[in-house]
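> After the sequence you'll find the predicted model.
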Amino acid sequence: MRFAWTLALRFLMEGRVQSLLILSGVTLGVAVIIFLSALISGLQGSIIDKTLGTQPHITIRPPDQVVLPVYPAGDGVILRRIQKRAQAPRSINNWQIILRDLEAMPDVTAIALIITGAAFALRGDAERSIVLMGVTPDTYQNIVPVNEKIISGRFRLGGGECVIGDRIADDLGLDRGDKLRISTSDGRNDVCTITGIFSFGVKDIDRRWVFVPVRSAQSLLDLAGGMTAIELRVDNFFAANSISGRIQRQHDVIAESWMQNNADLLTALRSQSISSNVIMFFVLVSVAFGIASVLAVSI
């Protein structure tokens, strides 16, 4: 071992220019690999943070309503066309029992009960379609950090209060402290005072989401005591698929993970990782061939 070190040091000291070229090649290769790794990791982390900053890891909702065909008795050929049923907002059956089971799961770190549905925001002659979000701020904040996105006022939902996006505020000429009338398709109405304006940087969310207290949403959607969704965050968001599958097998619900809702995003992230690995591989091969050629010539 000592002989090998002596021989290597003597070789490096005698061919100083050659040694400098070898060290420069190795340094450049390592620098490229480190740069690519940091760039791809940072880019993927930023994309995932922005994606999960506006949505839960897992969303639980009631199963879709379907129309069951009725076959007449007797033999013969039946020609049929079954029209899909319109999905009206419905409460999750026995959501209290499901909530208790979710609270006992060690993988789940945060739970929020949501009641959501379509409505209209009205001011004078102006009208905009919105997504009504009935939430409890303290629990929903653990799922989506709305406080960090508030640009005016604060995320507070007392009786007769609401929080809206900046785009719908611009469309209707609203500001903090103004009154907003909310109406549903079946003629239910409510008036709320705007306590905060948020901006997620996502056009559809900033233009359509309106947060209201849970009781107000239940009254507007005619779902007294009901919850249309349960949103979860888990300790390992890449395990959301397996956790959602386990929940769906245990209860008569549909459990969707963020990975299912963002399949294109995951495909893009995998493609980035593969491209990065291929580039780093060829950089290593290039550096290795360069060092080998210098050594072969010198020998």
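Looks like it came in fine. Numbers count the residues shown, from 1 in each chain.
> Tell me who's in contact with Ser216.
Residues in contact with Ser216, defined by Cβ atoms under 8 Å, 6 or more residues apart in numbering, are Gly134, Gly159, Gly160, Cys162, Asp190, Cys192. All C-beta atoms are positioned from the backbone trio N, CA, C, and that covers glycine.
> Only the buried subset of those residues, as a PyMOL command please.
Command for PyMOL, covering only those of the contacts of Ser216 found buried under the criterion 16 or more other Cβ atoms under 10 Å:
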select buried, resi 134+162+190+192
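> Out of the contacts of Ser216, list just those in strands.
In strands, judged by DSSP state E, the following of the contacts of Ser216 are found: Gly134, Cys162, Asp190, Cys192.
> Can you tell me which of those lies closest to Val287?
Using Cβ to Cβ, Gly134 is the member of the ones in strands among the contacts of Ser216 that sits closest to Val287, with 59.0 Å.
> With adjacent residues omitted, what lies nearest to that closest one?
Of all residues not flanking Gly134 in the chain, Ala217 sits nearest, at 2.5 Å (Cβ to Cβ, 6 or more residues apart in numbering).
> What is the three-state secondary structure of that neighbour?
Three-state assignment for Ala217 (DSSP: H, G, I helix; E, B strand; the rest coil): helix.
> wait, it sits on Ala118?
No. With contact defined as Cβ atoms under 8 Å, Ala217 does not count as touching Ala118 (11.6 Å).
> Quickly list what's touching both of these two.
Leu132.
> Between these two, tell me which one has more neighbours.
Between Ala217 and Ala118, Ala217 has the larger neighbour count (other Cβ atoms under 10 Å), namely 27 against 14.
> A strand includes Lys155, no?
Small correction: residue 155 is Phe, not Lys. No. Using three-state DSSP, the assignment for Phe155 is coil, not a strand.
> begin at 50 from here
New numbering, starting at 50: the last item is Phe204.
> can you pull the contacts of it?
So, once contact is read as Cβ under 8 Å, 6+ apart, Phe204 ends up touching Pro186, Gln190, Val195, Asn196, Val212, Thr244, Gly245, Phe247, Phe260.
> repeat that with 7 Å
Phe204 is in contact with Pro186, Val195, Asn196, Val212, Gly245, counting by Cβ atoms under 7 Å, 6 or more residues apart in numbering.
> what does Met182 give?
Met182 makes contact with Ile163, Thr165, Trp258, Val259, Phe260, Val261 under the criterion Cβ under 7 Å, 6+ apart.
> Isn't the first one up against Leu272?
No. Taking Cβ atoms under 7 Å as the definition, Ile163 is not a contact partner of Leu272, at 11.5 Å.
> Sort out for me which of the contacts of Phe204 are in strands.
Those of the contacts of Phe204 mapping onto strands are Val212, Gly245, per DSSP E.
> Quick one: buried ones out of the contacts of Phe204?
Burial by neighbour count, 16+ other Cβ under 10 Å: within those this picks out Pro186, Val195, Val212, Gly245.
> For Val259, see how far away the closest residue to the last one other than its chain neighbours is.
If the residues on either side of it in the chain are set aside, Gly245 comes closest to Gly202, at 3.5 Å by Cβ to Cβ, 6+ apart. Distance, Gly202 to Val259, using Cβ to Cβ, to the nearest Å: 14 Å.
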